[in-house]
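Asker: Sharing a model that was predicted from the sequence below.
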Amino acid sequence: MLETGFHSITRLTDDPLKANGTVGRCVSSMGLRIIDDDGNDVPYGEVGEIAAIGPSVPVGYLNNPQANRDSFTADNWFRTGDLGQFVDAEGDVGIAGRKEEIINRGGKKYFPREIEELPYEHPKIVQVAIVGAPDPRLGERNSVCVIVKSVVMTTVAAAALGMAAPATAQKMLNSYMTLSTAAAQQAAQAALARCQKDDFTVAVAVVDRTGQPLVMLRDPLAGAHTPQTAINKAATAVSFRTDTTELAATTQAGKPASGVRHLANVIAVGGGIVIRAKGSVVGGIGVSGAPGGDGDDVCAKAGIAAINDAIELE
């Protein structure tokens with residue numbers, strides 16, 4: 001929090017092993033407390049919001065009474081929004097995170113930083129972030145976002161979390177499998193190559209498990225309609241968890257599901273195929289531009305075959 005200015009330091013006389021990972025102790029003429037939501041001091045050593053007072057702390061926000069009420073306690077201590085705790089008897093402070101990052105899952109509060117650093121011990125994990133997602137029952141649920149060197153993200157992430165995270169951290173997570181950008185690129189390139197081998201000028205799109213595009217490749221001679229059509233085919237397959245050739249058959253005129261064809265961006269014609277790994281939908285691939293849906297299907301299947309071994313399809 002920049003508003004408080006220079007507030008705590010480590011000293012040259014400090015034991016490096018003890019001071020490492022802390023922001024030091026409060027400097028003279030300043031004040032520092034760890035407080036709860038009501039402005040009361042939390043038990044020594046527990047995590048709370050860091051509150052500051054002293055000459056470098058502003059007296060308030062100009063013409064903004066609401067900000068002043070939110071940012072200052074009744075006795076004029078400034079709420080930094082930073083979470084911390086006293087880590088030793090000398091008063092050294094460790095930073096635990098930001099208050100706004102707390103995830104409130106059914107009344108139980110979690111600090112993402114508690115577990116974000118644990119999966120890095122796995123050699124295939126590049127980056128991790130724990131975020132809160134809306135949940136109608138719990139208010140928020142906890143989701144792990146992972147960038148890995150492997151093709152399918154969550155398999156590696158879940159393994160790493162299972163080995164490294166404590167039981168409470170494992171319980172707070174909701175994990176799912178999705179397709180990495182690298183795998184999407186590989187599948188799209190293979191599908192495009194298969195169509196070009198047959199002299200088909202097409203566009204190929206690969207989407208994630210939510211229908212968001214990851215990759216779109218287009219032959220220079222492909223029709224103007226093909227990029228968006230390919231995206232819509234892939235998204236349709238993912239949305240209905242059904243290949244679009246099958247969807248075309250089940251939504252013909254006169255059938256109970258025929259109204260599906262009138263939904264925005266739904267394309268019930270061959271060329272959209274669901275990508276699965278270990279029984280879970282991880283993405284979808286769509287091809288547009290081959291002569292007929294059957295031709296699009298052939299290219300889409302070639303794209304999936306290219307990543308078959310890497311994502312362990314079932």
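Answerer: That came through fine.
Asker: For the stretch 101-250 of the chain, which segments are assigned as helices?
Answerer: In the stretch 101-250 of the chain, the helices defined using DSSP state H, counting those that start in this stretch lie at 113-116, 153-164, 167-172, 181-197, 226-240, 244-250.
Asker: Would you map out the domains in the chain?
Answerer: With domains defined by automatic domain parsing, the chain comprises 2-98, 102-174, 181-311.
Asker: Among the ones you listed, show me which one is buried the most.
Answerer: domain 181-311 (a mean of 20; mean count of other Cβ atoms under 10 Å). In this view, the C-beta of every residue, glycine as well, is placed from N, C-alpha and C.
Asker: can you give me the end-to-end distance of it?
Answerer: Domain 181-311 has an end-to-end distance of 13 Å (criterion: Cα to Cα, to the nearest Å).
Asker: Find out how far it is from the centre of the chain, if you would.
Answerer: Distance of domain 181-311 from its chain centroid, counting by Cα atoms, centre = their mean, to the nearest Å, is 24 Å.
Asker: Quick one: mean pLDDT for that domain?
Answerer: Domain 181-311 carries an average pLDDT of 93.
Asker: Could you pull out the strands in the stretch 51-200 of the chain for me?
Answerer: 78-86, 93-98, 103-105, 108-110, 125-135, 139-148, 173-174 (DSSP state E, counting those that start in this stretch).
Asker: now the stretch 201-314 of the chain
Answerer: 203-208, 213-218, 272-277, 280-288.
Asker: Export these as a markdown table, with columns for distance to residue 32.
Answerer: Converted to a markdown table, these look like this (distance: least, Cβ to Cβ, whole Å):
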| stretch | distance to residue 32 |
| --- | --- |
| strand 203-208 | 45 |
| strand 213-218 | 46 |
| strand 272-277 | 50 |
| strand 280-288 | 48 |
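Asker: Please report the distance of residue 90 from residue 71.
Answerer: 28 Å (Cβ to Cβ, to the nearest Å).
Asker: no no, residue 107
Answerer: Taken as Cβ to Cβ, the span from residue 107 to residue 71 is 25 Å.
Asker: try residue 219
Answerer: From residue 219 to residue 71 the distance is 57 Å (Cβ to Cβ).
Asker: before we move on, what about residue 255?
Answerer: 61 Å.
Asker: wait, what's in contact with residue 275?
Answerer: Listed by Cβ atoms under 8 Å, 6 or more residues apart in numbering, the contact set of residue 275 reads 179, 187, 206, 281-285, 304, 307, 311, 313.
Asker: Report the beta-bridge partners for the closest residue to it other than its chain neighbours.
Answerer: Using Cβ to Cβ, 6 or more residues apart in numbering and skipping residues adjacent in sequence, the residue nearest residue 275 is residue 283, 4.4 Å away. Counting by DSSP bridges, residue 283 forms beta bridges with residue 208, residue 275.
Asker: Cross-check the contact I'm expecting between residue 283 and residue 214.
Answerer: Yes - because the distance of 7.0 Å satisfies Cβ atoms under 8 Å, residue 283 is recorded as touching residue 214.
Asker: Can you pull the residues that touch both of the two?
Answerer: Shared contacts of residue 283 and residue 214 (Cβ under 8 Å, 6+ apart): 179, 184, 206-208.
Asker: Now do the contacts for residue 76.
Answerer: Taking Cβ under 8 Å, 6+ apart, one finds residue 53 in contact with residue 76.
Asker: Need the pLDDT of it.
Answerer: So residue 76 comes in at 91 (pLDDT).
Asker: and it, how far is that from residue 36?
Answerer: From residue 76 across to residue 36, the span is 17 Å (Cβ to Cβ).
Asker: same thing with residue 268?
Answerer: 56 Å.
Asker: list the contacts for residue 296?
Answerer: Residues in contact with residue 296, defined by Cβ under 8 Å, 6+ apart, are 202, 233, 270-271, 286-290.
Asker: Please repeat the previous calculation with a cut-off of 7 Å.
Answerer: 270-271, 287-288, 290 (Cβ atoms under 7 Å, 6 or more residues apart in numbering).
Asker: and what of residue 54?
Answerer: Residues in contact with residue 54 (Cβ under 7 Å, 6+ apart) are 29-31.
Asker: end-to-end on stretch 14-25?
Answerer: 10 Å.
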